[in-house]
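> Got a predicted structure plus its sequence, pasted below:
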Amino acid sequence: MNVISTRQLAKRYGKTTALRDLNLEVRQGEVYGLLGPNGAGKTTTLRLLIDVIRPTRGSITLFGEPMSPRLRGRIGYLPGELVLYDRLTGADYLRFCGALRDHADLGEATTLAKRLDLDLDRRTGELSKGNRQKLGLVQAFAHRPDLVILDEPASGLDPLAQREFHAYLREYIDGGGTALFSSHVLSEVEHVADRVGILLAGSLVVEDTVASLKANALRELTFTFAEEVAAATFSGIPGVQSAQANGQEVRCRVTGAVGELVRTAARFPLVNVTSHEPDLEDIFVHYTEERGDDD
Ligand SMILES: Nc1ncnc2c1ncn2[C@@H]1O[C@H](COP(=O)(O)OP(=O)(O)OP(=O)(O)O)[C@@H](O)[C@H]1O
């Protein structure tokens with residue numbers, strides 16, 4: 001079942017098109033990571049989904065229905081900029097959120113706060129950036145939502161807190177939850193997301209599993225020969241995007257299967273071959289630069 005489904009979703013702010021024709025589907029039990037450079041439309045997408053802003057065009061269904069007050073209670077949201085009341089303690093703030101949601105039980109909130117090592121008795125005005133972020137996460141999960149929408153959840157968290165949060169998120173998913181989050185922390189997305197979408201200038205340019213994105217990405221193979229071999233030997237081989245020779249080394253950038261390339265290299269006195277596996281950062285930079293070249 002699709003927990004999130006958008007059709008041709010678009011948002012304009014005056015002359016700025018923040019989002020165009022987004023068809024996004026997030027299935028039950030999935031962790032979906034939304035990536036994109038600054039200003040790509042990630043926050044706009046998340047805010048449209050939770051209905052704090054309205055689309056210029058297109059439609060959204062959550063759990064197969066349009067947004068309603070009843071549905072809102074099934075969703076947890078971490079905004080990019082959390083607004084807190086400085087004189088309230090963390091516990092006061094959570095009680096306040098609980099009253100708004102008609103969910104007085106702070107059991108889940110207390111458990112997550114403990115796991116993240118967050119002191120709920122301190123006034124929110126005294127909290128560090130990372131601890132404010134922890135409180136934001138705690139309020140997003142406090143009412144045991146069926147779906148969480150998280151804007152930059154890792155922002156400001158130290159590595160220990162990040163690790164604990166990721167473990168909690170996995171348990172939440174195993175318990176039947178679904179998550180959509182935006183992030184700039186590519187290692188986080190790589191480890192946590194089942195699927196990834198990259199937004200560029202308001203358009204979803206690619207969407208796939210991390211494994212499949214990596215398999216199809218540009219990788220670099222460097223061959224070392226016992227003698228000089230012309231780079232031209234390798235141009236024109238299926239999948240080879242570029243070949244550069246430097247002394248006895250030839251560096252090839254290749255997509256897809258490398259069999260033909262390796263067979264060709266093996267016809268020469270080959271001493272060594274190394275392969276640089278692309279990570280999500282390489283993929284992200286590739287799409288961002290490619291799009292930049294078009295503009
Ligand atoms: N309230 C607003 N009024 C006018 N323009 C806006 C408004 N909110 C966002 N925009 C514009 O919409 C575009 C998308 O912004 P958005 O905040 O969704 O990007 P983002 O991907 O979340 O960026 P970041 O990674 O910097 O948080 C940008 O060009 C931004 O300037």
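Right, received. Where do you want to start?
> Let's verify the nearest residue to residue 53 once chain neighbours are set aside: helix, strand, or coil?
Nearest in space to residue 53, with sequence neighbours left out and distances taken as CB to CB, 6 or more residues apart in numbering, is residue 47 at 4.8 Å. In this view, the C-beta of every residue, glycine as well, is placed from N, C-alpha and C. For residue 47, the secondary structure call by DSSP: H, G, I helix; E, B strand; the rest coil comes out as helix.
> number of nearby residues for residue 47?
19 (other CB atoms under 10 Å).
> Looks like it contacts residue 54 (just checking).
No - using CB atoms under 8 Å, residue 47 is not in contact with residue 54, being 9.7 Å away.
> rewinding a little: and the residue nearest to residue 53, what's its pLDDT?
In the predicted model, residue 47 carries a pLDDT score of 97.
> ok, now residue 255?
We have a pLDDT of 86 for residue 255.
> Same question for residue 294.
What the model reports for residue 294 is a pLDDT of 46.
> Equivalent analysis for residue 286, please.
Taking residue 286 on its own, its pLDDT is 79.
> Repeat that for the one 4 residues further on.
We note a pLDDT of 72 for residue 290 in this prediction.
> what kind of secondary structure is it in?
Per three-state DSSP, the secondary structure class of residue 290 is helix.
> what's around it, how many residues?
Taking other CB under 10 Å as the criterion, the count of residues near residue 290 is 11.
> how about low-confidence regions in the stretch 151-295 of the chain?
Counting by pLDDT under 70, the stretch 151-295 of the chain has low-confidence residues at 291-295.
> hey, where'd the strands end up in it?
Remark: strands assigned in the stretch 151-295 of the chain by DSSP state E, counting those that start in this stretch are 178-182, 195-200, 203-209, 219-225, 240-246, 249-254, 270-276.
> ranges for the helices of the stretch 1-150 of the chain?
Taking DSSP state H, counting those that start in this stretch as the criterion, the stretch 1-150 of the chain contains helices spanning 42-49, 69-72, 90-101, 107-115, 129-141.
> list the buried ones in the third one?
Buried residues in helix 90-101, counted by 16 or more other CB atoms under 10 Å: 90-91, 93-95, 97-98.
> any idea how far residue 281 lies from the ligand?
16 Å (CB to the nearest ligand atom, to the nearest Å).
> Burial check on that residue, number of neighbours?
Here the number of neighbours of residue 281 (other CB under 10 Å) works out to 12.
> care to break this protein down by domain?
With domains defined by automatic domain parsing, the chain comprises 2-213, 218-277.
> The ligand is nearest to which of those?
Taking CB to the nearest ligand atom as the criterion, the ligand comes closest to domain 2-213 out of the domains of the chain, the separation being 3.3 Å.
> got the residues of this structure near the ligand?
Contact residues of the chain with respect to the ligand, defined by CB under 6 Å from any ligand atom, are listed as 13, 16, 18, 36, 38-44.
> phi, psi of residue 79?
phi -80, psi 160 (degrees, to the nearest 10).
> In this structure it contacts residue 136, no?
Yes - with contact taken as CB under 8 Å, residue 79 and residue 136 are classed as touching, separated by 7.2 Å.
> can you name the two of the residues of the chain next to the ligand that are farthest apart?
Pairwise distances across the residues of the chain next to the ligand (CB to CB) peak at 16.5 Å, for the pair 13 and 36.
> Compare those two (neighbour count), which wins?
Counting neighbours by other CB under 10 Å for residue 13 and for residue 36 shows that residue 36 has the greater number, 25 against 11.
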